[in-house]
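[1] below are the sequence and a predicted model for it; my questions follow.
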Amino acid sequence: QVHLVESGGGLVQPGGSLRLSCAASGSIFSINDMGWYRQAPGKQRELVAGITSGGNPNYADSVKGRFTISRDNAKNTADLQMNSLKPEDTAVYYCKADVVVSGIWGRHEYRYWGQGTQVTVSS
C-alpha cells in the first residue's frame, strides 16, 4: 500500500507565495513521474507541473515562470513552489505519483493520488 500526503495549502493574497509538499510512503520500490494537478469548482482536473525521476520538469503554460516543481528521490517527496499567485490559481491541488511496486509477482507501476489541499488566492 502506498500513501501520498500533501501539505502547505491555504489562503494567500494575490501576488503572494505558497509552497506545497507531497510525501509518498509505503511499499515503494521506486517512483517514476511525479506531478501536481489542480481542480477548480466546475472544471476538470488539469496538470500544473510534472517532474521525471531524472528531475526534468514540465509546466502548464498558465504557471510557467511562476511555479517551480522539485523532488527528492531519497525522501520520495515532491514540492511545488508557487509565486506571484493569482485568483485564477484557486483550486484544490493534488499530488500524483507513478510508483513502482516490487513483489513476488514482479514489478508493476501504479498511479497514486493524494487527498488534495486547498489553495485560495483572494484579497
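    Nice, thanks for sending it over. Values in this document were obtained by computation on a predicted structure and should not be read as measured data. Residues are numbered from 1 along each chain as shown.

[2] what's around the spatially closest residue to I69 that is not a sequence neighbour, how many residues?
    Leaving aside its chain neighbours, I69 sits nearest to A49 (4.0 Å; criterion: CB to CB, 6 or more residues apart in numbering). All C-beta spots, glycine's among them, are computed from the backbone N, C-alpha and C. A49 has 23 neighbouring residues, counting by other CB atoms under 10 Å.

[3] look up which residues are beta-bridged to the spatially most central residue of the chain.
    Nearest to the geometric centre of the chain sits W36, at 2.7 Å (CA atoms, centre = their mean). Beta-bridge pairing for W36 (DSSP bridges): A49, C95.

[4] same deal with P57?
    Counting by DSSP bridges, P57 is bridged to I51.

[5] H108 now?
    Under the criterion used (DSSP bridges), H108 bridges to V101.

[6] residues near it, how many?
    The number of residues packed near H108 is 11, by other CB under 10 Å.

[7] 35 is where my numbering starts, stick with that
    Done: numbering now begins at 35, and the last item shifts to H142.
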